[in-house]
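A.B. asks: sequence unknown, structure follows:
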């Protein structure tokens, strides 16, 4: 299990990416991909380790400090990449909206300090995981998605999510925090 903070694309952005991925499922190596269900798609703002469930409420309360932020307009999924030979992802287009998401990611460790959560200190790489390779190479899929630019959307909330991994991952939304500005 793990705890993390994430944003989810709006429905139009999800549908657009699904349509593009539908055509990729016809590639010869498509059976080598374990596609992530769109209901699990998200952009992770930050991982918070695997703290006791009692920490969830404390972290959720601290995340409400983010409610003072205005929604982030103009977020867009664009291009693709891979982490190693296993994780296939869609990227987040560079620009002011991505910079504001990065500000959230960089503020998170200080916000949860002392709560019992243990923020991941790795460099934040904004992405949406779309598949994991069982075998083979993700490169045909990355190449096919390099020119992808989805529709823009607005981030109006962040979610605190508790996740169980494995072959059938499950996400439980612990809290939703609206960005009211």
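C.D. replies: Looks like it came in fine. Quantities reported herein were computed from a predicted structural model and do not represent experimental measurements.
A.B. asks: hey, let's count contacts and neighbours off CA atoms from now on
C.D. replies: OK.
A.B. asks: Can you give me every residue that contacts the residue nearest the centre of the chain?
C.D. replies: By C-alpha atoms, centre = their mean, the chain has its centre lying nearest to residue 43, at 1.6 Å. Shown in contact with residue 43 (C-alpha atoms under 8 Å, 6 or more residues apart in numbering): 6, 7, 8, 9, 126, 127, 128.
A.B. asks: what do you get for residue 102?
C.D. replies: Applying C-alpha under 8 Å, 6+ apart, we find residue 102 in contact with 45, 124, 126.
A.B. asks: most neighbours, which of the residues you listed?
C.D. replies: residue 45 (25 neighbours; other C-alpha atoms under 10 Å).
A.B. asks: where in the chain is pLDDT low?
C.D. replies: For the chain, the stretches flagged by pLDDT under 70 are 166-167, 181.
A.B. asks: Give me the buried positions along the longest helix seen in the chain.
C.D. replies: Determined from DSSP state H, the single longest helix within the chain is helix 96-112. Across helix 96-112, burial judged by 16 or more other C-alpha atoms under 10 Å covers 97, 98, 100, 101, 102, 104, 105, 106, 108, 109, 111, 112.
A.B. asks: got the contact list for stretch 66-86?
C.D. replies: Stretch 66-86 has contacts (C-alpha under 8 Å, 6+ apart) with 13, 88-93, 97-98, 100-101, 132-139, 142-143, 145-157, 177-181.
A.B. asks: Good, we can wrap up now.
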